[in-house]
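Asks: quick one: sequence plus predicted model below, questions after.
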Amino acid sequence: MPDTRNTIIRLLQNIGSRKEVDQYLKQFSSVDSKRFAVIKVGGGILIDELETLASSLSFLHRVGLYPIVIHGAGPQLNAALDEAGIETERIEGMRVTPPAALEIARKVFQSETLRLVDALEQMGTHARPITNGVIEAELLDYDRLGLVGEITEIHTEAIESSIRSGCLPILGCLGETPSGQIVNINADVAARELALAIEPFKIVFLTPTGGLLNQHGQLIDSINLAEDYDFLMQQDWVHSGMRLKLQEIKQLLDQLPHSSSVSITTPGQLARELFTHRGSGTLVRRGEEVVCHSSAENLDQARLRELLEACFDRKLLDNYFSAKPFYRIYLTESYRATAVLTLEDGIPYLDKFGVTQKAQGEGLGQSLWLRMKQENPRLFWRARTENPINSWYFQESEGTYRSGPWTVFWYGMSDFDEIKQCIDIALNMPATLYAHGVSEN
């Protein structure tokens with residue numbers, strides 16, 4: 001296993017830096033094995049991307065991680081019911097399940113569970129099908145819905161036994177009553193209740209789209225619910241399934257530890273989403289509110305100094321907070337991400353942008369940046385040419401100019417004279433950090 005683990009870690013470095021990979025492996029390995037992740041797989045994924053899914057799950061297993069996988073089988077069940085001549089009826093989004101339909105559903109779910117287990121085993125990954133003993137339920141409304149269950153309890157013993165034996169637990173979403181009657185359970189509801197019982201570090205929804213999309217059809221890479229939820233729910237383009245999904249995710253995360261998060265991605269991008277800061281899907285966290293301050297007077301300057309010095313790995317000048325007035329200071333509640341702005345000839349200048357490593361993985365920096373950009377329609381800043389986040393700065397800016405050790409960035413400006421003025425200001429800005437190896441004394 002150590003040789004295999006090291007090989008996989010080296011492969012992971014193809015999608016992210018060693019620093020990122022090590023950081024996430026350390027985070028994931030620090031939690032109890034069963035609390036790493038709950039992964040919900042749609043039935044369509046099992047039809048179209050079974051091999052890719054099995055490969056991604058095997059990848060996790062080989063670095064010692066044990067996600068709990070729960071799958072649906074909606075398209076497969078629809079096809080089987082059609083073939084049997086049984087009409088599918090839905091009431092308030094729930095599938096009406098008479099006994100004849102449940103008999104078919106049981107066979108379909110068992111078959112799909114075994115297909116995934118077989119695919120994993122063929123790749124050398126031990127997996128265990130768990131078809132009962134986990135989801136306890138009671139009949140919701142037999143007269144209206146038939147054999148549809150409402151979950152009353154989640155039993156984790158079979159899951160824990162599977163993980164202790166070195167096997168990935170694979171669950172369908174059928175439940176059973178205390179008397180042993182099998183009942184149909186909505187897959188999203190089953191995944192939610194399983195997550196509430198397990199309290200995992202990650203909840204992952206694998207979908208064909210690979211995440212939530214904005215009004216332009218582009219992937220939203222991260223959502224900080226504390227900062228973004230109300231704004232998103234006011235947008236005309238957030239409707240129907242996306243609106244419902246956001247509401248469900250918020251309700252779920254509100255009941256879980258603050259460290260829990262939801263990722264929406266594709267099977268093929270699962271490792272990138274889990275092991276890199278930028279990810280490859282939509283990461284949703286409860287997050288933190290970003291507060292804008294007009295000065296540093298009422299801030300904990302010692303904490304802010306500590307944050308900036310940790311991010312830049314250099315000491316701030318002693319008089320940093322008193323040398324000149326600040327225009328705006330954006331700061332997350334936990335003092336883990338900040339943007340410090342001054343006003344230079346009437347134009348906002350980004351003097352410092354700092355985000356801790358962990359906060360980068362949580363999307364706090366992106367959330368803070370979006371807030372800053374909304375409230376500052378034009379901005380300029382500089383960064384050393386070797387700055388590791390310059391690639392991101394290039395994406396976020398509308399223009400750049402390189403001179404010596406500095407690259408100047410800006411957005412929201414088109415007047416040549418104004419841009420030239422900003423470049424001159426940025427290049428002549430006095431240092432606010434001590435050089436490496438130079439004592440602040």
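Replies: That came through, no problem.
Asks: and the strands in the stretch 151-300 of the chain, which stretches?
Replies: Listed from the start of the chain, the stretch 151-300 of the chain has strands (DSSP state E, counting those that start in this stretch) covering 168-171, 174-176, 182-184, 202-206, 222-224, 261-265, 282-285, 290-293.
Asks: what are the pairing partners of the fourth one, and which direction each?
Replies: As defined by DSSP bridges, the strand partners of strand 202-206 come to strand 37-41 (parallel), strand 261-265 (parallel).
Asks: just put those strands in a markdown table and tack on mean neighbour count and mean pLDDT.
Replies: Any C-beta I mention is one placed from the backbone N, CA and C, and that applies to glycine too. Converted to a markdown table, those look like this (neighbours: other C-beta atoms under 10 Å; pLDDT from 0 to 100):
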| stretch | mean neighbour count | mean pLDDT |
| --- | --- | --- |
| strand 37-41 | 26 | 95 |
| strand 261-265 | 25 | 91 |
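Asks: can you put the ones you listed in CSV and add distance to Asp48?
Replies: As requested, these are arranged in CSV below (distance: least, C-beta to C-beta, whole Å):
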stretch, distance to Asp48
strand 37-41, 11
strand 261-265, 15
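Asks: and Ala158, which of those is closest to it?
Replies: With C-beta to C-beta as the measure, strand 37-41 is the member of those nearest Ala158 (14.6 Å).
Asks: can you give the contact residues for that closest one?
Replies: The contact list for strand 37-41, computed with C-beta atoms under 8 Å, 6 or more residues apart in numbering, reads 28, 53, 57, 65, 67-72, 116, 187-188, 191, 194-195, 198, 200-206, 267, 274.
Asks: okay, now Thr385: neighbour count?
Replies: Other residues near Thr385 come to 11 when the count uses other C-beta atoms under 10 Å.
Asks: hang on, the earlier thing: could you identify which of the strands of the stretch 151-300 of the chain has the lowest mean pLDDT?
Replies: Least confident of the strands of the stretch 151-300 of the chain, judged by mean pLDDT, is strand 222-224 with a mean of 86.
Asks: other SSEs contacting it?
Replies: strand 282-285, helix 364-375 (3 or more C-beta pairs under 8 Å, 6 or more residues apart in numbering; DSSP states H and E).
Asks: any idea which of the ones you listed is most buried?
Replies: For these, average neighbour numbers computed from mean count of other C-beta atoms under 10 Å are highest in strand 282-285, which has a mean of 26.
Asks: so which of the contacts of strand 37-41 are in helices?
Replies: Among the contacts of strand 37-41, the subset assigned to helices under DSSP state H consists of Phe28, Leu53, Leu57, Leu116, Ala187, Asp188, Ala191, Leu194, Ala195, Ile198, Leu274.
Asks: now, which of these sits nearest Asn224?
Replies: Taking C-beta to C-beta as the measure, Leu274 is the one of these closest to Asn224, at 18.6 Å.
Asks: who's in contact with the closest one?
Replies: For Leu274, the contact set (C-beta under 8 Å, 6+ apart) comprises Tyr24, Phe28, Ala37, Leu60, Lys202, Val204, Ser263.
Asks: residues near the second one, how many?
Replies: Phe28 has 20 neighbouring residues, counting by other C-beta under 10 Å.
Asks: pLDDT score for it?
Replies: Predicted confidence (pLDDT) for Phe28: 73.
Asks: so who does it touch?
Replies: Remark: with contacts taken as C-beta under 8 Å, 6+ apart, Phe28 is in contact with Phe36, Ala37, Leu65, Phe201, Lys202, Leu274.
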